[in-house]
Structures are given as C-alpha cells and as structure tokens.
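# Turn this into a model:
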Amino acid sequence: EDLNWQECHFSSVWGEKEQAPVGLILFQPQYTRSITRPVDDRQMLNILSQKVGRGLQLHSLRESLLKRERLSAIGEMMSTIVHDLRSPLNNIYGFLELILDDRTTPEERNEYADIIRLEIQTIANMTREVLDFAKGKSNILPRKVSAKEILQRFELEARQLFRDSNIQFVMENQARKLLFADLEKLTRVLYNIAKNAKEAMGKEGRFTLRAYDEDGKVVFELADTGPGIPEEIRHRLFESFVTSGKDTGTGLGLAIVKKIVEEHKGEIELKTEVGAGTTFFIKLPEYRKDMNLKDRES
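All right, here's what the predicted structure looks like:
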C-alpha cells in the first residue's frame, strides 16, 4: 500500500519454454529523479528479470537431469536383476527336464532335486541382496564356520557355473582357522567373482580358488586366466555398474562383493595384468571367542 504505482517499473520473467511469463518483477526507485533516469531503471529491471529467468531455467534443467539419472539407475538395477536371475532359472529348467527323462535314475533325480533347491535359494538370496544393497542395509547372520564348509557349499554352484564351458576349475583348501561369518553371503561373494571370471574368460581358461591362513586371517584367493582389468577402471572397479571384459552384466556384482566383505570386517584386494588374468584376495579375520559376545551386543 506504500507503493507509488506511477513510479513503479514492471518486467516479466520468462520460463524455460518462453510461451508465457512465469512471474513479474516490480521495482520502485527509492532515490530522487536527479540521480538517474527512468530509462536506466527499466534497463536494470530488464537485466534483473533475464537473470532470474535464466536461474529458473537452470533449476528446471537440473531437476530434469536428476530425474533422468534416477530413472537410468533404476533401469540399470533392473537389468542387473534380470541378468543375474537368468543363470539359475536356466539351471532349474534344465534339471527339471532331466528329472522328467525316463532314463534318469532315482539317485540322479534326488541329486538334481537338491541342485534345483539350491538354485531356488540362490534366487531368493540374490534378490534380497540387491534390494539390501539398494537400501544400504546390512543383514548378515554370522556363525562359527570353517573354510571347508564355505568351499563345499560354493563347489556345488561352481560346478554348475562352469559345466557348459571348457574352463578348468581347481579348488584347494589349506585353511585350518575358523571364521565368524555368514555362510550364504560368503558363498555369494565367491560366486560373483567366479561368474565375472567366467564371463571375462569366455569358453576356455582356468579358475583357481585357494583358501589358507595368514597373519590371523583366512584368505580366499581367486585367480582366473582372463584378459585382465584395464588400468583406467581399476580404481573404481567396486563401484556400482562398472564392468569390463564381459558381453553382459552391469558390474553390480563386485559392488555387492565389497559390501559383504566389509560387513565381515574383512578386506578385498586384487592383482591384475592386461592379458595375464586377475587374482582377488579376500581376507577375513579368524574366529575369536569374543566375536559371539560382540554379535549379541550389536
């Protein structure tokens, strides 16, 4: 009500598409006419309205880019889930066909049924891990377990993973120390690395898994004879959606691997050379009696 409308200047603020103004700037000089001319006021007001309009356009563009990035991330996550589910679903289908075959013995049917049960459990674990990863949740159920148990559980899945290729699978266990770990989650860690190795090597190669004790830790050493990892992506290999040397997949597997290893208070390292393969070292603390107490307190 204190405005003198006859002395006020007006300027429209235009939005992104410039089809209609999105706002109006009103300016009333607070100085005498002897200092400046009305034309100077209008020029300053026009410049101000252009700056405000440009700011609104940049804000709208930023929101649009953020929305696009979120949708892209969701799409990549869905692509990863579909890709990872394909292998166990194909295994289930194949072993169901074998169970229905009249030439299959009762002992073989029981063996195939156990494999199908494991694959269904794998699917359930995979979907839960991807969702937990997306939410940033930590959900491990540790217990006292030996490296032998982990390797035996992994061997069943590894044999199925490599059965349609000429990749030689070698496994050695020299570890004697126990771990306080989640058996299912660590099996998933080994499987993710093995699956990446298979996809990188193709139809031929050698994949070796060794377990041994070293300085109060149990080490799982996983080596392949693939093409190696390019130097330019090594520093971000464990980030989401980073992949190399594979025709499929988006790289979420190694991000999950790193998260599970860190949840076990462990470390993961790698040694790689282009053209000479890659070796991962997973180092987990050996079991101590006080670990059970800490787990109950947490």
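# Would you state the strands of the stretch 151-298 of the chain in chain order?
Taking DSSP state E, counting those that start in this stretch as the test, the strands found in the stretch 151-298 of the chain are 166-173, 178-181, 204-214, 217-224, 267-273, 277-285.
# any low-confidence regions in the chain?
1-42, 44-46, 48-49, 52-53, 70-81, 83-84, 129-130, 133-138, 240-252, 292-298 (pLDDT under 70).
# Can you show me the helices along it?
Ranges of helices within the chain are 38-100, 106-135, 147-162, 183-201, 231-234, 252-263, 290-297, based on DSSP state H.
# and the ones you listed, which is most packed in?
helix 183-201 (a mean of 22; mean count of other Cβ atoms under 10 Å). Backbone N, C-alpha and C define where each C-beta goes, glycine included.
# between that helix and strand 267-273, how many degrees?
Angle of helix 183-201 versus strand 267-273, following axes from the mean of the first three to the mean of the last three Cα atoms, to 10 degrees, is 10 degrees.
# Tell me the helices and strands packed up against helix 183-201.
helix 106-135, helix 147-162, strand 204-214, strand 217-224, helix 252-263, strand 277-285 (3 or more Cβ pairs under 8 Å, 6 or more residues apart in numbering; DSSP states H and E).
# I'd like to check the angle between that helix and strand 277-285, please.
170 degrees.
# quick one, helix 183-201 and helix 106-135 angle?
Using the same axes, to 10 degrees: helix 183-201 against helix 106-135 is 90 degrees.
# Turn the strands of the stretch 151-298 of the chain into a markdown table, columns for distance to Pro88 and mean neighbour count.
As requested, the strands of the stretch 151-298 of the chain are exported to a markdown table (distance: least, Cβ to Cβ, whole Å; neighbours: other Cβ atoms under 10 Å):
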| stretch | distance to Pro88 | mean neighbour count |
| --- | --- | --- |
| strand 166-173 | 18 | 14 |
| strand 178-181 | 23 | 23 |
| strand 204-214 | 19 | 18 |
| strand 217-224 | 20 | 21 |
| strand 267-273 | 24 | 15 |
| strand 277-285 | 22 | 21 |
